[in-house]
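Novice: Need the 3D shape of this:
(one chain, ligands or ions: 1)
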Amino acid sequence: MSSSGSSVTPSVPTQRLMSVASHLNSPRFKVVVCRNLGPDVMSILEARPGLDLVVWPQDSACERPWLMENISGATGVIVMLTDKVNAELLDKAGPSLKVVSTMSVGYDHIDLKEAAQRGLKVGYTPDVLTDAVADLSVMLALMAGRNGGTGVDLVQRGQWATFSWAPFGLCGPQLSTTAASPTRKIGFLGFGRIAQATLARLVPFGITHCLYFSNPSSLPNHARDAALAKQHKLQGVSKVDLDELSRESDVLFILAPGGGETYHIVNETLLRKMKRTSILVNASRGTLVDSDALAKALREGWIWGAGLDVVEGEPNVTIDHPLVKEPRCVIVPHIASATLETRLEMATRAAQNLIGAILGREMPSEVNLSDIS
Ligand SMILES: O=CC(=O)O
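Specialist: Numbers count the residues shown, from 1 in each chain. A predicted model of the protein is given here:
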(Lines give C-alpha, C1' and ligand atoms only; values in the text may rest on other atoms or scores of the structure.)
Protein backbone atom coordinates (compact mmCIF):
# COMPACT_ATOMS: atom_id res chain seq x y z
CA MET A 1 0.00 0.00 0.00
CA SER A 2 1.21 3.41 -0.90
CA SER A 3 2.07 5.77 1.96
CA SER A 4 1.25 8.78 -0.18
CA GLY A 5 -2.10 10.49 0.21
CA SER A 6 -3.54 13.20 2.34
CA SER A 7 -1.50 12.32 5.46
CA VAL A 8 0.50 15.26 6.85
CA THR A 9 3.04 13.03 8.62
CA PRO A 10 6.45 14.11 7.36
CA SER A 11 8.49 11.45 5.70
CA VAL A 12 11.29 10.59 8.17
CA PRO A 13 13.44 7.58 7.44
CA THR A 14 12.68 4.76 9.89
CA GLN A 15 16.37 4.19 10.51
CA ARG A 16 16.78 7.73 11.73
CA LEU A 17 13.68 7.55 13.94
CA MET A 18 14.94 4.35 15.50
CA SER A 19 18.37 5.72 16.16
CA VAL A 20 16.97 8.90 17.71
CA ALA A 21 14.62 6.81 19.88
CA SER A 22 17.34 4.41 20.95
CA HIS A 23 19.63 7.34 21.62
CA LEU A 24 17.02 8.91 23.88
CA ASN A 25 16.44 5.65 25.74
CA SER A 26 20.02 4.44 25.88
CA PRO A 27 21.99 4.87 29.09
CA ARG A 28 24.59 7.64 29.21
CA PHE A 29 28.16 6.99 30.29
CA LYS A 30 30.50 9.65 31.56
CA VAL A 31 33.99 9.20 30.15
CA VAL A 32 36.96 11.23 31.31
CA VAL A 33 39.78 11.68 28.80
CA CYS A 34 43.02 12.89 30.36
CA ARG A 35 44.52 14.23 27.16
CA ASN A 36 43.05 15.28 23.85
CA LEU A 37 43.77 12.34 21.54
CA GLY A 38 43.63 14.34 18.32
CA PRO A 39 40.82 14.72 15.78
CA ASP A 40 40.99 11.19 14.32
CA VAL A 41 40.53 9.48 17.66
CA MET A 42 38.39 12.03 19.47
CA SER A 43 35.93 11.71 16.60
CA ILE A 44 35.67 7.95 17.27
CA LEU A 45 34.70 8.71 20.86
CA GLU A 46 32.42 11.57 19.90
CA ALA A 47 30.59 9.45 17.33
CA ARG A 48 29.82 6.71 19.84
CA PRO A 49 26.25 7.19 21.14
CA GLY A 50 25.80 7.37 24.87
CA LEU A 51 29.20 8.75 25.83
CA ASP A 52 29.40 12.05 27.68
CA LEU A 53 33.01 13.07 27.21
CA VAL A 54 34.85 15.20 29.72
CA VAL A 55 38.22 16.08 28.23
CA TRP A 56 41.15 17.76 29.96
CA PRO A 57 41.16 21.04 28.09
CA GLN A 58 44.86 21.89 27.97
CA ASP A 59 47.77 20.67 25.86
CA SER A 60 49.76 19.54 28.89
CA ALA A 61 49.68 16.66 31.32
CA CYS A 62 46.32 16.46 33.06
CA GLU A 63 46.44 18.13 36.46
CA ARG A 64 45.55 15.98 39.40
CA PRO A 65 42.99 18.32 41.00
CA TRP A 66 41.08 18.48 37.68
CA LEU A 67 41.11 14.69 37.38
CA MET A 68 40.02 14.22 40.99
CA GLU A 69 37.20 16.68 40.49
CA ASN A 70 35.97 15.22 37.22
CA ILE A 71 36.39 11.48 37.74
CA SER A 72 33.46 11.26 40.11
CA GLY A 73 30.61 9.25 38.55
CA ALA A 74 32.63 8.28 35.46
CA THR A 75 32.12 4.90 33.80
CA GLY A 76 35.45 5.04 32.00
CA VAL A 77 38.67 6.97 31.94
CA ILE A 78 41.43 7.20 29.36
CA VAL A 79 44.73 7.96 31.05
CA MET A 80 48.32 8.60 30.02
CA LEU A 81 51.34 7.10 31.75
CA THR A 82 51.66 10.42 33.59
CA ASP A 83 48.34 9.89 35.38
CA LYS A 84 48.58 7.88 38.58
CA VAL A 85 45.61 5.57 38.98
CA ASN A 86 45.56 4.64 42.64
CA ALA A 87 43.04 3.92 45.38
CA GLU A 88 42.53 7.62 45.99
CA LEU A 89 41.45 8.22 42.38
CA LEU A 90 39.38 5.04 42.16
CA ASP A 91 37.57 5.88 45.39
CA LYS A 92 36.80 9.30 44.01
CA ALA A 93 35.47 7.73 40.80
CA GLY A 94 33.09 5.59 42.79
CA PRO A 95 31.20 2.41 41.88
CA SER A 96 30.18 3.63 38.42
CA LEU A 97 33.73 3.13 37.12
CA LYS A 98 34.09 0.09 34.87
CA VAL A 99 37.22 0.66 32.85
CA VAL A 100 40.62 2.34 32.95
CA SER A 101 42.20 2.53 29.53
CA THR A 102 45.80 3.69 29.28
CA MET A 103 47.45 4.95 26.12
CA SER A 104 50.66 3.09 26.88
CA VAL A 105 52.05 -0.41 26.87
CA GLY A 106 53.36 0.03 30.42
CA TYR A 107 50.85 0.13 33.26
CA ASP A 108 52.98 0.59 36.34
CA HIS A 109 51.12 3.89 36.93
CA ILE A 110 47.95 1.87 37.57
CA ASP A 111 47.45 0.07 40.87
CA LEU A 112 46.31 -3.25 39.41
CA LYS A 113 45.50 -4.71 42.79
CA GLU A 114 43.07 -1.89 43.52
CA ALA A 115 41.63 -2.22 40.02
CA ALA A 116 41.16 -5.99 40.41
CA GLN A 117 39.54 -5.62 43.83
CA ARG A 118 36.99 -3.26 42.31
CA GLY A 119 36.34 -5.57 39.35
CA LEU A 120 37.57 -2.98 36.86
CA LYS A 121 38.81 -3.70 33.39
CA VAL A 122 42.18 -2.27 32.41
CA GLY A 123 43.16 -1.68 28.79
CA TYR A 124 46.64 -0.99 27.42
CA THR A 125 48.36 -0.70 24.01
CA PRO A 126 50.82 -3.54 23.39
CA ASP A 127 52.13 -4.58 19.95
CA VAL A 128 51.35 -1.35 18.11
CA LEU A 129 54.45 0.37 19.52
CA THR A 130 56.90 -2.53 19.37
CA ASP A 131 58.63 -1.39 16.18
CA ALA A 132 58.86 2.28 17.10
CA VAL A 133 60.42 1.47 20.48
CA ALA A 134 62.82 -1.05 18.96
CA ASP A 135 63.89 1.55 16.37
CA LEU A 136 64.60 4.12 19.05
CA SER A 137 66.47 1.60 21.20
CA VAL A 138 68.90 1.00 18.37
CA MET A 139 69.19 4.75 17.81
CA LEU A 140 70.10 5.26 21.47
CA ALA A 141 72.72 2.50 21.34
CA LEU A 142 74.35 4.16 18.35
CA MET A 143 74.04 7.68 19.74
CA ALA A 144 75.57 6.68 23.06
CA GLY A 145 78.37 4.62 21.57
CA ARG A 146 79.28 7.14 18.87
CA ASN A 147 79.20 10.27 21.03
CA GLY A 148 76.06 11.49 19.30
CA GLY A 149 75.06 13.79 22.15
CA THR A 150 78.45 15.47 22.39
CA GLY A 151 78.74 15.77 18.60
CA VAL A 152 75.34 17.43 18.15
CA ASP A 153 75.95 19.71 21.10
CA LEU A 154 79.33 20.77 19.74
CA VAL A 155 77.88 21.74 16.35
CA GLN A 156 74.92 23.53 17.89
CA ARG A 157 77.27 25.60 20.04
CA GLY A 158 79.24 26.60 16.92
CA GLN A 159 82.31 24.67 18.12
CA TRP A 160 82.94 22.43 15.10
CA ALA A 161 86.05 24.39 14.11
CA THR A 162 87.62 23.97 17.55
CA PHE A 163 87.14 20.21 17.31
CA SER A 164 88.20 19.99 13.65
CA TRP A 165 88.82 16.46 12.38
CA ALA A 166 90.97 14.78 15.00
CA PRO A 167 92.29 11.28 14.20
CA PHE A 168 90.76 9.85 17.35
CA GLY A 169 88.37 12.66 18.20
CA LEU A 170 84.91 11.59 19.40
CA CYS A 171 85.67 7.94 18.75
CA GLY A 172 83.57 5.32 20.45
CA PRO A 173 83.06 1.55 20.40
CA GLN A 174 81.66 0.20 17.15
CA LEU A 175 78.32 -1.58 17.31
CA SER A 176 78.95 -3.69 14.23
CA THR A 177 81.58 -6.40 14.27
CA THR A 178 84.94 -5.81 12.60
CA ALA A 179 87.70 -8.11 11.43
CA ALA A 180 89.71 -7.25 14.51
CA SER A 181 86.73 -7.53 16.80
CA PRO A 182 84.50 -10.27 15.41
CA THR A 183 82.26 -10.88 18.44
CA ARG A 184 79.36 -8.74 19.68
CA LYS A 185 77.25 -9.84 22.59
CA ILE A 186 73.97 -8.04 23.01
CA GLY A 187 72.24 -8.27 26.36
CA PHE A 188 68.58 -7.75 27.17
CA LEU A 189 67.16 -7.22 30.60
CA GLY A 190 63.62 -8.29 29.76
CA PHE A 191 63.08 -10.35 26.64
CA GLY A 192 59.58 -9.63 25.42
CA ARG A 193 58.28 -8.38 22.10
CA ILE A 194 60.26 -5.13 22.07
CA ALA A 195 63.54 -6.82 23.03
CA GLN A 196 63.11 -9.43 20.30
CA ALA A 197 62.28 -6.73 17.74
CA THR A 198 65.42 -4.87 18.81
CA LEU A 199 67.46 -8.05 18.44
CA ALA A 200 66.15 -8.48 14.87
CA ARG A 201 67.28 -4.95 14.00
CA LEU A 202 70.78 -5.65 15.27
CA VAL A 203 71.35 -8.75 13.16
CA PRO A 204 72.67 -6.79 10.13
CA PHE A 205 75.31 -5.27 12.43
CA GLY A 206 76.85 -8.72 12.62
CA ILE A 207 76.10 -9.39 16.25
CA THR A 208 77.07 -12.86 17.31
CA HIS A 209 75.41 -13.59 20.67
CA CYS A 210 72.23 -12.66 22.44
CA LEU A 211 72.03 -12.95 26.22
CA TYR A 212 68.95 -12.17 28.19
CA PHE A 213 67.68 -12.05 31.72
CA SER A 214 63.98 -12.33 32.34
CA ASN A 215 61.56 -13.37 35.03
CA PRO A 216 63.67 -15.74 37.21
CA SER A 217 60.62 -17.89 37.99
CA SER A 218 59.98 -18.70 34.32
CA LEU A 219 61.86 -21.63 32.81
CA PRO A 220 64.26 -21.00 29.92
CA ASN A 221 62.54 -21.45 26.58
CA HIS A 222 65.25 -23.51 24.84
CA ALA A 223 63.19 -24.29 21.75
CA ARG A 224 62.33 -20.63 21.18
CA ASP A 225 65.93 -19.58 21.80
CA ALA A 226 67.32 -22.18 19.40
CA ALA A 227 64.82 -21.06 16.77
CA LEU A 228 65.82 -17.41 17.27
CA ALA A 229 69.51 -18.28 16.99
CA LYS A 230 68.85 -20.18 13.77
CA GLN A 231 66.63 -17.46 12.33
CA HIS A 232 69.20 -14.73 13.00
CA LYS A 233 72.30 -16.89 12.37
CA LEU A 234 73.65 -16.18 15.86
CA GLN A 235 76.14 -18.32 17.75
CA GLY A 236 73.77 -18.39 20.69
CA VAL A 237 70.65 -17.02 22.34
CA SER A 238 70.76 -17.79 26.07
CA LYS A 239 68.96 -16.98 29.25
CA VAL A 240 71.59 -15.99 31.82
CA ASP A 241 71.72 -14.59 35.33
CA LEU A 242 72.22 -10.90 36.02
CA ASP A 243 75.88 -11.43 36.80
CA GLU A 244 76.66 -12.95 33.40
CA LEU A 245 74.42 -10.45 31.63
CA SER A 246 76.31 -7.50 33.08
CA ARG A 247 79.79 -8.99 32.57
CA GLU A 248 79.29 -10.17 28.99
CA SER A 249 77.07 -7.63 27.23
CA ASP A 250 78.65 -5.15 24.82
CA VAL A 251 75.33 -3.34 24.71
CA LEU A 252 72.78 -3.93 27.44
CA PHE A 253 69.19 -3.00 26.63
CA ILE A 254 66.80 -2.50 29.52
CA LEU A 255 63.37 -3.43 28.17
CA ALA A 256 61.46 -4.77 31.14
CA PRO A 257 58.36 -3.53 32.95
CA GLY A 258 58.60 -1.01 35.77
CA GLY A 259 57.24 -1.58 39.26
CA GLY A 260 58.49 -2.93 42.56
CA GLU A 261 60.08 -6.10 41.19
CA THR A 262 62.50 -4.28 38.89
CA TYR A 263 63.10 -1.15 40.97
CA HIS A 264 66.81 -0.15 40.67
CA ILE A 265 67.70 -3.52 39.21
CA VAL A 266 70.47 -1.63 37.43
CA ASN A 267 72.46 -0.51 40.44
CA GLU A 268 76.07 0.07 41.41
CA THR A 269 76.77 -3.66 41.83
CA LEU A 270 75.55 -4.44 38.31
CA LEU A 271 77.22 -1.45 36.68
CA ARG A 272 80.60 -2.21 38.27
CA LYS A 273 80.59 -5.60 36.53
CA MET A 274 80.01 -4.20 33.04
CA LYS A 275 82.71 -3.84 30.39
CA ARG A 276 84.43 -0.48 30.20
CA THR A 277 83.46 -0.23 26.54
CA SER A 278 79.84 -1.23 27.07
CA ILE A 279 76.69 0.80 26.45
CA LEU A 280 73.55 0.80 28.56
CA VAL A 281 70.23 1.62 26.91
CA ASN A 282 67.01 2.13 28.85
CA ALA A 283 63.76 2.46 26.91
CA SER A 284 61.44 0.98 29.52
CA ARG A 285 60.97 2.84 32.80
CA GLY A 286 63.33 5.14 34.65
CA THR A 287 62.75 3.31 37.92
CA LEU A 288 64.77 0.31 36.73
CA VAL A 289 68.00 2.31 36.86
CA ASP A 290 69.58 3.94 39.89
CA SER A 291 70.43 7.31 38.32
CA ASP A 292 73.14 8.21 40.85
CA ALA A 293 74.88 4.87 40.32
CA LEU A 294 74.72 5.30 36.55
CA ALA A 295 76.08 8.84 36.72
CA LYS A 296 78.97 7.53 38.85
CA ALA A 297 79.57 4.67 36.40
CA LEU A 298 79.82 7.14 33.52
CA ARG A 299 81.94 9.64 35.45
CA GLU A 300 84.39 6.99 36.61
CA GLY A 301 84.42 5.09 33.30
CA TRP A 302 82.99 1.75 34.48
CA ILE A 303 80.96 1.78 31.26
CA TRP A 304 81.37 3.75 28.05
CA GLY A 305 78.01 5.43 27.61
CA ALA A 306 74.30 5.36 28.13
CA GLY A 307 71.27 6.08 25.97
CA LEU A 308 68.13 6.84 27.93
CA ASP A 309 64.56 7.39 26.84
CA VAL A 310 63.42 7.37 30.46
CA VAL A 311 64.85 8.66 33.73
CA GLU A 312 63.52 8.14 37.22
CA GLY A 313 61.58 11.22 38.36
CA GLU A 314 60.80 12.36 34.80
CA PRO A 315 59.68 14.80 33.57
CA ASN A 316 61.45 16.73 36.33
CA VAL A 317 64.90 16.16 34.88
CA THR A 318 66.68 19.50 34.75
CA ILE A 319 70.13 20.56 33.58
CA ASP A 320 71.60 20.00 37.02
CA HIS A 321 70.52 16.33 37.04
CA PRO A 322 73.64 14.13 37.48
CA LEU A 323 72.85 12.20 34.28
CA VAL A 324 72.23 15.32 32.19
CA LYS A 325 75.68 16.52 33.21
CA GLU A 326 77.36 13.37 31.87
CA PRO A 327 78.60 13.96 28.30
CA ARG A 328 78.38 10.30 27.42
CA CYS A 329 74.77 10.07 28.47
CA VAL A 330 72.31 10.69 25.65
CA ILE A 331 68.86 11.43 27.00
CA VAL A 332 65.65 11.91 25.06
CA PRO A 333 62.34 12.77 26.78
CA HIS A 334 60.40 9.49 26.71
CA ILE A 335 59.73 9.48 22.97
CA ALA A 336 60.39 5.83 22.11
CA SER A 337 56.89 5.32 20.71
CA ALA A 338 56.65 8.81 19.26
CA THR A 339 56.11 8.22 15.58
CA LEU A 340 53.05 9.67 13.87
CA GLU A 341 51.86 6.21 12.91
CA THR A 342 52.40 4.56 16.26
CA ARG A 343 50.88 7.26 18.44
CA LEU A 344 47.77 7.24 16.25
CA GLU A 345 47.50 3.48 16.68
CA MET A 346 48.03 3.75 20.43
CA ALA A 347 45.37 6.42 20.81
CA THR A 348 42.96 4.41 18.64
CA ARG A 349 43.59 1.28 20.69
CA ALA A 350 43.02 3.20 23.93
CA ALA A 351 39.66 4.43 22.59
CA GLN A 352 38.70 0.94 21.33
CA ASN A 353 39.58 -0.63 24.67
CA LEU A 354 37.41 1.88 26.49
CA ILE A 355 34.45 1.47 24.13
CA GLY A 356 34.73 -2.33 24.18
CA ALA A 357 34.62 -2.42 27.97
CA ILE A 358 31.71 -0.01 28.22
CA LEU A 359 29.68 -1.96 25.68
CA GLY A 360 30.50 -5.21 27.46
CA ARG A 361 32.39 -6.50 24.45
CA GLU A 362 35.88 -7.90 24.20
CA MET A 363 38.58 -5.26 24.59
CA PRO A 364 41.28 -5.46 21.89
CA SER A 365 44.01 -5.33 24.57
CA GLU A 366 43.00 -6.06 28.13
CA VAL A 367 45.43 -6.46 31.02
CA ASN A 368 44.95 -9.87 32.58
CA LEU A 369 44.00 -9.20 36.18
CA SER A 370 43.02 -12.77 36.98
CA ASP A 371 46.27 -13.52 38.85
CA ILE A 372 46.24 -10.30 40.84
CA SER A 373 45.10 -10.80 44.41
O1 LIG B 1 56.51 4.14 27.79
C2 LIG B 1 55.62 4.08 27.02
C3 LIG B 1 54.55 3.17 27.13
O4 LIG B 1 54.42 2.49 28.16
O5 LIG B 1 53.75 3.09 26.20
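Novice: Now do the end-to-end distance for stretch 51-67.
Specialist: Start-to-end span of stretch 51-67 (CA to CA, to the nearest Å) is 18 Å.
Novice: Spit out the contact partners of the residue nearest to residue 273 when sequence neighbours are not counted.
Specialist: Leaving aside its sequence neighbours, residue 273 sits nearest to residue 246 (CB to CB, 6 or more residues apart in numbering; 4.1 Å). Every C-beta, even on glycine, is put in place using the N, C-alpha and C of the backbone. Applying CB atoms under 8 Å, 6 or more residues apart in numbering, we find residue 246 in contact with 187, 252, 270, 271, 273, 274.
Novice: pLDDT value on the closest residue to residue 362 other than its chain neighbours, please?
Specialist: Take residue 362 and drop its neighbours on the chain: the residue closest to it by CB to CB, 6+ apart is residue 356, 6.0 Å away. Residue 356 carries a pLDDT value of 98.
Novice: can you tell me if the helix or strand containing residue 356 touches the ligand.
Specialist: Assigned by DSSP states H and E, residue 356 belongs to helix 340-358. No - for helix 340-358, no contact with the ligand is found by CB under 6 Å from any ligand atom; the gap never falls below 6.9 Å.
Novice: before we move on, what about stretch 72-87?
Specialist: Yes - under the criterion of CB under 6 Å from any ligand atom, the ligand is reached by stretch 72-87 at residue 81.
Novice: list the buried ones in that stretch?
Specialist: Residues 73, 74, 75, 76, 77, 78, 79, 80, 81, 83, 85 are the ones in stretch 72-87 that count as buried (16 or more other CB atoms under 10 Å).
Novice: Settle this for me: the second one is touching residue 96, isn't it.
Specialist: Yes - taking contact to mean CB atoms under 8 Å, the distance of 6.4 Å between residue 74 and residue 96 places them in contact.
Novice: which bits of this structure sit near the ligand?
Specialist: By CB under 6 Å from any ligand atom, the part of the chain that sits against the ligand consists of 81, 104, 105, 106, 129, 337.
Novice: Report the contact partners of the fifth one.
Specialist: Contacts were defined as CB under 8 Å, 6+ apart; by that measure residue 129 touches 105, 194, 336, 337, 342, 345, 346.
Novice: let's see it at 7 Å
Specialist: 105, 337, 342, 346 (CB atoms under 7 Å, 6 or more residues apart in numbering).
Novice: List the backbone torsions phi and psi for the closest residue to the first one other than its chain neighbours.
Specialist: The reference is to residue 105. Using CB to CB, 6+ apart and skipping the chain neighbours, the partner closest in space to residue 105 is residue 126 (5.0 Å). According to degrees, to the nearest 10, the main-chain angles of residue 126 amount to phi -70, psi 170.
Novice: And residue 126, how far from residue 194?
Specialist: Counting by CB to CB, to the nearest Å, the gap between residue 126 and residue 194 amounts to 9 Å.
Novice: These two: which is more packed in?
Specialist: Taking other CB atoms under 10 Å, residue 126 and residue 194 do not tie; residue 194 has more neighbours (28 against 18).
Novice: helices or strands up against the host helix or strand of residue 40?
Specialist: If you go by DSSP H and E, residue 40 is part of helix 39-47. Under the contact definition 3 or more CB pairs under 7 Å, 6 or more residues apart in numbering; DSSP states H and E, helix 39-47 sits against strand 51-55, helix 340-358.
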